[in-house]
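Chemist: Got a predicted structure plus its sequence, pasted below:
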Amino acid sequence: MKDFHAVPQYADRPFDLRRIGAMGLRYLYLLRSSWTRVIELAYWPLMQMILWGFMTQFLLTSDSPVIKAAGMLIAAVLLWDVMFRSNIGVAVSFLEEMWSRNLAQLFASPLRPYEWALSLLFISLVRTIIGVIPAALLAIPLYSYSIFDMGLPLIAFFMNLMIFGSAVGLAVSAMVLRYGMGAESLAWVGIFLVAPISGIYYPIAILPDWLEPIAWALPSAHVFEGMRAVLTDGVFQMDLFINALMLNALFLTAGFSIFLYVFRVARIKGMLLQMGE
Amino acid sequence: MNTFAIRTENLTKTFENVTAVNDISMEVKSGTITALLGGNGAGKTTTIAMLLGLLLPTSGKIEILGEDMVKSRHRVLGRMNFGSPYVDLPKRLTVRENLRVFTGLYGLLHAKARIDELSAALALEEFIDRPTGQLSSGQRTRVALAKALINAPSLLLLDEPTASLDPDTGDWIRSYLEEYARETGATILLASHNMNEVNRLCSDVLMMKQGQVVDRGTPAGLVEKYGRETLEQVFLDIARRDDALPQQKAAQ
């Protein structure tokens, strides 16, 4: 009965990509099992893009050169959705485990909490791409605007917003783990806390003086300022990119640290056994 | 091979003001099937959770398969597993998908072969491609057992493995566990309320009450010691006798 097929080959390694792959596979299975969820992923970005696309066409009648910059609002909407989706992607995948009451099964296995966190980042990337790419493609025939025309800067913006959204998602997930399903709504609304001061649709200079330093402490503010620089002046501001990258390193470290700390608290308080619907 | 698959020393778990497990020192011999018996709230599930590393003890030591479970649990997790009807697998995933994920988590390189083996051994073929949430409780129990055996564990912890099953399915599961233990030499620690199950499977019984191991012995030995006819009567004697802990008496 006990044979070679059942002998663990890498169970005691402190880090293994195949365990992350197994969790990634699990989230892909979950996504595949419900077409309505896949459609829902793309639904909101599409609606947002259509709404703001028409708004842009209306504003093009304005004399403001900022407003007139081609596709400013559409680009802002799409990039905001990258941040929003990456945050939701981490948090919802985390919640799937809570809803399944499955944490005890997972952590009685050799899976490490940081491997789980990395698998959440992976599925968040997948969910974000599924959510945002259809909207970006549809903007081309609808409004003759392609966000892909931004070229390489788009990759820089996408990457930074993905990291920031995921870091917030990890911190929010940690709060749900710590305070139970009563804190579930944080997963949906947490990211909106930073939306007003990220300068998504307006420059940071619009904010009150006292709020500006707080805004500049967020990677998202640097990304959206950078986006406006590309769209209005055709310039990729390397300083904004580097600032966003460095801040993201801090936020991601903080997100991971909070997540791992709360996981340890959960092992002390017995939360891995109690979670569920 | 270690003489003892499980050793605990002064194991204690306190949740705020409640002591769920109180100073347990015990050993479970390798290759045996041992029962953990006790009423609701006796501390069985808390003990099992600590043995699995899901819960950190407040104090005391746990050694599993020769490794310190608190300090280096990941050196041993690949060689153990657990099953409980109270801990689910994702309902929207098919049985095969669920098992496939766990082959990856346990580091099995031949996932398909292992799933096929378990599918044949536990008669899962009929429903292996159905969502786990659509299965009957008997089928779900077999799936939970397949997951618990995915890595052919040397130590298997089971929390009421036949709870809420009809007698036929329950008997089938017990037969499989007997065969598994006999053929692999694995150690099984079984929390159960089913005395017939314990009588049939277990060579050793740990009786828990109020977070402590209050007695232990073979099923027959305990029956003789308490002057009773069945293990169930022994269970009731222990559950109903007044041996509250000193601090609980003081609180009263």
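Modeler: Nice, I can see it. Source: prediction; values computed, not measured.
Chemist: So which residues of the stretch 101-250 of chain A form helices?
Modeler: For the stretch 101-250 of chain A, helices defined by DSSP state H, counting those that start in this stretch occupy the ranges A:103-107, A:113-143, A:152-179, A:185-189, A:212-216, A:219-228, A:238-269.
Chemist: Next: chain B.
Modeler: For chain B, the helices defined by DSSP state H cover B:44-52, B:95-105, B:111-121, B:137-148, B:167-184, B:195-201, B:219-225, B:231-240, B:246-251.
Chemist: same for the second one, what does it pack against?
Modeler: Going back to what we said before, that points to helix B:95-105. Judged by 3 or more CB pairs under 8 Å, 6 or more residues apart in numbering or on different chains; DSSP states H and E, helix B:95-105 is in contact with helix A:17-32, helix B:111-121, helix B:137-148. C-betas here are computed from N, CA, C, even on glycine.
Chemist: so which of these gets nearest B:N22?
Modeler: Smallest distance to B:N22 across those (CB to CB): 28.1 Å, for helix B:137-148.
Chemist: buried residues in the closest one?
Modeler: B:G138, B:Q139, B:R140, B:T141, B:R142, B:V143, B:A144, B:L145, B:A146, B:K147, B:A148 (16 or more other CB atoms under 10 Å in any protein chain shown).
Chemist: what about that helix, distance to the chain center?
Modeler: Centroid separation for helix B:137-148 versus its chain: 14 Å, with CA atoms, centre = their mean, to the nearest Å.
Chemist: who touches A:T128 in this structure?
Modeler: By CB atoms under 8 Å, 6 or more residues apart in numbering or on different chains, A:T128 lies in contact with A:V82, A:R85, A:S86, A:G89, A:M162, A:G165.
Chemist: which non-adjacent residue is nearest it?
Modeler: Leaving aside its sequence neighbours, A:T128 sits nearest to A:R85 (CB to CB, 6 or more residues apart in numbering or on different chains; 4.1 Å).
Chemist: repeat for B:R228
Modeler: B:V234 (5.2 Å).
Chemist: So that neighbour sits against B:V223, correct?
Modeler: Yes: in this structure, B:V234 is within contact of B:V223 by CB atoms under 8 Å, at 5.9 Å.
Chemist: So between these two, which is more surrounded?
Modeler: Taking other CB atoms under 10 Å in any protein chain shown, B:V234 and B:V223 do not tie; B:V234 has more neighbours (24 against 19).
Chemist: show me the contacts for the more buried one.
Modeler: B:M207, B:L222, B:V223, B:K225, B:Y226, B:R228.
Chemist: Where among the helices of the stretch 101-250 of chain A is average confidence lowest?
Modeler: Mean pLDDT values for the helices of the stretch 101-250 of chain A show the minimum at helix A:185-189, a mean of 83.
Chemist: Nearest to chain A: which residue in the stretch 151-252 of chain B?
Modeler: Nearest residue of the stretch 151-252 of chain B to chain A (CB to the nearest CB) works out as B:A152 at 3.5 Å.
Chemist: rewinding a little: compare the helices of chain B and say which comes out lowest on pLDDT.
Modeler: Of all the helices of chain B, the minimum mean pLDDT falls on helix B:246-251 (a mean of 50).
Chemist: Give me every residue in the stretch 151-277 of chain A lying close to chain B.
Modeler: Counting by CB under 8 Å from any CB of the partner chain, the positions of the stretch 151-277 of chain A adjacent to chain B are A:R264, A:R267, A:I268, A:K269, A:G270, A:L272, A:L273.
Chemist: List only buried entries from those.
Modeler: Of those, these count as buried by 16+ other CB under 10 Å: A:R267, A:G270, A:L272, A:L273.
Chemist: Return the residues in contact with the closest residue to the second one other than its chain neighbours.
Modeler: In space, not counting the residues next to it along the chain, A:G270 is nearest to B:L55; the distance is 5.2 Å by CB to CB, 6+ apart. Remark: with contacts taken as CB under 8 Å, 6+ apart, B:L55 is in contact with A:R267, A:I268, A:G270, A:L272, A:L273, B:K13, B:T46, B:A49.
Chemist: ok, the fourth one touching A:A266?
Modeler: Yes: contact status for A:L272 versus A:A266: in contact at 5.4 Å, counting by CB under 8 Å.
Chemist: possible to save the contacts of B:V234 as JSON lines with distance to B:R200?
Modeler: Output for the contacts of B:V234, formatted as JSON lines (distance: CB to CB, whole Å):
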{"residue": "B:M207", "distance to B:R200": "18"}
{"residue": "B:L222", "distance to B:R200": "15"}
{"residue": "B:V223", "distance to B:R200": "14"}
{"residue": "B:K225", "distance to B:R200": "20"}
{"residue": "B:Y226", "distance to B:R200": "20"}
{"residue": "B:R228", "distance to B:R200": "18"}
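Chemist: Look up how far B:E27 lies from the residue lying closest to A:S146 once chain neighbours are set aside.
Modeler: Nearest residue to A:S146 in three dimensions, chain neighbours excluded: A:I140, at 4.8 Å (CB to CB, 6+ apart). Applying CB to CB, to the nearest Å, the value for A:I140 to B:E27 is 70 Å.
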